[in-house]
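Student: Turn this into a model:
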Amino acid sequence: MNHNRCAFTLVELLVVIAITGILVGLLLPAVQSARDAARRMQCSSNLRQIGLALHNHESALGRFPPLGDYDAAGSLVYWSFHARLLPYSEQANLHSLIDFKLPISQQPQVAKVRVPYLLCPSEPNDRERPDGPTFIHYPLNYSGNAGLWHIFQPPVGQGSGVFLVNQSTRISDFADGLSNTVGIAEVKAFTPYLRDGGNPSTSVATPTSPSELASFGGEFKADSGHTEWVDARVHQTGFTTTFSPNTKCPYSFGDKTYDIDFNSMREGRSTTVPTYAVVTSRSHHVGLVQVFVMDGSTRSVSSTIELTIWRALGTRIGGEVFNQ
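Tutor: Residues are numbered from 1 along each chain as shown. Below you'll find the model as predicted:
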């Protein structure tokens, strides 16, 4: 008896494999695009949750929280606005662990907590940061608008943004209108930065080029910016609108070039030296950052936004109106 056996020839098999490869190649970008869109939606939801807590705080207390409060001696690190918002973000249990009269260094059980809504799902460094042999910090991806450049002139803040040092803002302080003022924006965890050089020591013009930052000098920290959600300092839980979103600020150290932030003098380290800061909003979403606007909305802001518009969005009292 003759049996006819059906099977693929080698050529046919190779053709099927090639077609399958082409289809997979076409499908992968669509899958990645869908994943990116889902991450952006979750990121926007996180911003909205923080913004809602911010306005609940204002409704309850009549003011927005400060970027941070420092004692008269300027020696203690005090708690971030994120810590102040915990009871308005369904984190009352975590809030109850904090003694706001004591510095962060004495409350490691709080600093090490991962707060889910403070982390963008696209952040690759969603991990603990050891700070010494026993202390642990956890990073964040959403920071408060501290203004343009001059952040702190002891004993009070000088920022034109939403969050000030040693003082609070109220809705009546927003001469530009809530819809024209960015309150919170994305930042990248583990950002390198310069700190504590004390330069500038007196009022100077806002930098116009990222290359100026290297000339101010200071102590270089390779990977600790935006790694402490509890810490009120601007390079940890703030941002400035000195430069447009995702602007590269190059700084060479050793055989590497880093994209840095800058803090001339950490707030609370001096009772006389001012703080000037360049803390750029950055995102792992391609070509944009997501922001919470003080009217309660969230938006995506392109990295190519005109600097004058971005700076206008960063001020509450500049007299600018943002035309959408």
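Student: only C-alpha atoms for contact and neighbour calcs from this point on.
Tutor: OK.
Student: How about the contacts made by the residue nearest the centre of the chain?
Tutor: Nearest to the geometric centre of the chain sits Val187, at 2.8 Å (CA atoms, centre = their mean). For Val187, the contacting residues are 140-143, 226, 239, 280-283, by CA atoms under 8 Å, 6 or more residues apart in numbering.
Student: Look at it and report its pLDDT.
Tutor: On the pLDDT scale, Val187 is placed at 98.
Student: Asn323 too?
Tutor: As predicted, Asn323 sits at a pLDDT of 55.
Student: related to what we said a few turns ago, any idea how far Thr202 is from the residue nearest to the centre of the chain?
Tutor: Counting by CA to CA, to the nearest Å, the gap from Val187 to Thr202 is 28 Å.
Student: follow-up on the earlier one: out of the contacts of Val187, which are inside helices?
Tutor: Per DSSP state H, helices hold no members of those.
Student: Spatially, which two of the residues you listed are the most separated?
Tutor: The largest separation in those, counting by CA to CA, is between Leu140 and Thr280 at 14.3 Å.
Student: Give me the secondary structure label for His285.
Tutor: Three-state call for His285 (DSSP: H, G, I helix; E, B strand; the rest coil): coil.
Student: Cross the contacts of Val187 against strands and list the overlap.
Tutor: Of the contacts of Val187, the ones assigned to strands by DSSP state E are 142-143, 239.
Student: With neighbour count as new columns, can those residues be given to me in a markdown table?
Tutor: Below are these laid out as a markdown table (neighbours: other CA atoms under 10 Å):
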| residue | neighbour count |
| --- | --- |
| Tyr142 | 33 |
| Ser143 | 31 |
| Phe239 | 33 |
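Student: I'd like those residues laid out as TSV, including distance to Ile136.
Tutor: Conversion of those to TSV gives the following (distance: CA to CA, whole Å):
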residue	distance to Ile136
Tyr142	19
Ser143	20
Phe239	23
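Student: Out of the residues you listed, which is nearest to Val165?
Tutor: Phe239 (13.1 Å).
Student: so the closest one makes contact with Arg282?
Tutor: No: judged on CA atoms under 8 Å, Phe239 makes no contact with Arg282 at a distance of 9.5 Å.
Student: ok now do Val55, which residues does it touch?
Tutor: Just so we're on the same page, residue 55 is His rather than Val. Contacts here follow CA under 8 Å, 6+ apart; on that basis His55 touches Phe64.
Student: and it, that one's in a helix?
Tutor: Yes: checked against three-state DSSP, His55 lies within a helix.
Student: separation between it and Val15?
Tutor: Using CA to CA, His55 is found at 60 Å from Val15.
Student: do Lys112 as well
Tutor: With distances taken as CA to CA, Lys112 is found 55 Å from Val15.
Student: which of these two has more neighbours?
Tutor: Comparing Lys112 with Val15 by other CA atoms under 10 Å, the one with more neighbours is Lys112, at 19 against 12.
Student: what sits against the more buried one?
Tutor: 128, 135-138.
Student: and if you look at Asp261?
Tutor: 191-194, 225, 235, 249, 277-280.
Student: now these as a markdown table including pLDDT?
Tutor: Formatted as a markdown table, the contacts of Asp261 follow (pLDDT from 0 to 100):
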| residue | pLDDT |
| --- | --- |
| Thr191 | 98 |
| Pro192 | 98 |
| Tyr193 | 98 |
| Leu194 | 97 |
| Gly225 | 97 |
| His235 | 97 |
| Cys249 | 97 |
| Ala277 | 97 |
| Val278 | 98 |
| Val279 | 98 |
| Thr280 | 98 |
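Student: among those, which are in strands?
Tutor: Members of those lying in strands (criterion: DSSP E): 191-194, 225, 277-278.
Student: Tell me the buried residues within those.
Tutor: By neighbour count, with 16 or more other CA atoms under 10 Å, the ones in strands among the contacts of Asp261 hold 191-194, 225, 277-278 as buried.
Student: Go through these and name the one nearest Gln153.
Tutor: Ala277 (12.0 Å).
Student: so the closest one bridges to which residues?
Tutor: Applying DSSP bridges to Ala277 yields these beta-bridge partners: Asn263.
Student: Can you tell me how far it is from Pro155?
Tutor: Ala277 sits 17 Å away from Pro155, going by CA to CA.
Student: Pull out the buried residues from stretch 128-147.
Tutor: 129, 136-147.
Student: And that stretch, end to end?
Tutor: Using CA to CA, one end of stretch 128-147 lies 28 Å from the other.
Student: average pLDDT across it?
Tutor: 96.
Student: centre of the chain versus that stretch, how much separation?
Tutor: Offset of stretch 128-147 from its chain centre (CA atoms, centre = their mean, to the nearest Å): 11 Å.
Student: just stretch 38-57 next, same as before
Tutor: 13 Å.
Student: Could you list the low-pLDDT ranges of this protein?
Tutor: The chain contains residues with pLDDT under 70 at 1-8, 27-34, 71-77, 320-324.
Student: Show me the helices in it, by range?
Tutor: 10-61, 81-85, 92-96, 108-111, 213-216, 234-237, 307-313.
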